[in-house]
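Undergrad: how does the following fold in three dimensions:
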Amino acid sequence: MAASVLAMSIAVVLSALLLWAGFGKLIRLSDAASTASAIGIPLRWGRGAAVTIALWEVGTALGVLWAPGSSWIAASVVALGTVFALAGLVAVLRKQRIRCHCFGAGAAGAYLGSAQIIALPGWIGAAVTLHLALPEVSPVPTAACLLAGVGLAIAAVKSGALRRAVREARGDRLSAQEMYVWLPLR
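TA: Residues are numbered from 1 along each chain as shown. Take a look at the predicted model:
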């Protein structure tokens, strides 16, 4: 029982991270493409590589919820972790500061490097745990509820940034109203 609760928690966290990362890359494809070209992928293939990784992340995130014990999902999780570790290794070996853009615009200060390499055992451990402790296919109501929960959790985390942006925009508007009398008051 405890093992399946732990495995389900891993599945939810892993799915949330992968969905956030995948959609973040899809929203800011140019940033993800610049990271791809910085690690050595030819510029003309950078955008395609960014789309591929982003869709792979989203697909794996959904698979983690819908088919958590599947060998294919476990292999996909390990392969993603390996790709990320290799990208970090490239940055370390070249001694370059390559912007990560791992989570789209939300990872503005992150760089590729040893963090991605150190995380590889975590990716492997998560994949093994899911494969061994959870059923190959989740019941549809369970997977749907988990997906809704993951979506709500991501929205809750992102709402803090939205709240800060709204507060900043309001301050800008009030400042502009003081300077430009013709602006309507609200």
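
Undergrad: which residues touch Phe84?
TA: Neighbour list for Phe84: 102, 116, 119-120, 123 [criterion: C-beta atoms under 8 Å, 6 or more residues apart in numbering]. Heads up, the C-betas are built off the backbone N, CA and C, glycines and all.

Undergrad: which of these tops the neighbour count?
TA: Comparing the contacts of Phe84 by number of neighbours (other C-beta atoms under 10 Å), Gln116 comes first, having 25 neighbours.

Undergrad: before we move on, which element is it in?
TA: Using DSSP states H and E, Gln116 sits in helix 114-133.

Undergrad: and the strand or helix carrying Val64, what does it pack against?
TA: For Val64, the host element (DSSP H and E) is helix 43-66. Helix 43-66 sits against helix 2-27, helix 29-38, helix 71-94, helix 140-179, with contacts defined as 3 or more C-beta pairs under 8 Å, 6 or more residues apart in numbering; DSSP states H and E.

Undergrad: quick one on the thing from earlier: Val64: which of the contacts of Phe84 is nearest?
TA: Distance ranking of the contacts of Phe84 against Val64, using C-beta to C-beta, places Trp123 first at 11.7 Å.

Undergrad: my guess is the closest one contacts Ser76, does it?
TA: No - taking contacts as C-beta atoms under 8 Å, Trp123 lies outside contact range of Ser76: 10.3 Å.
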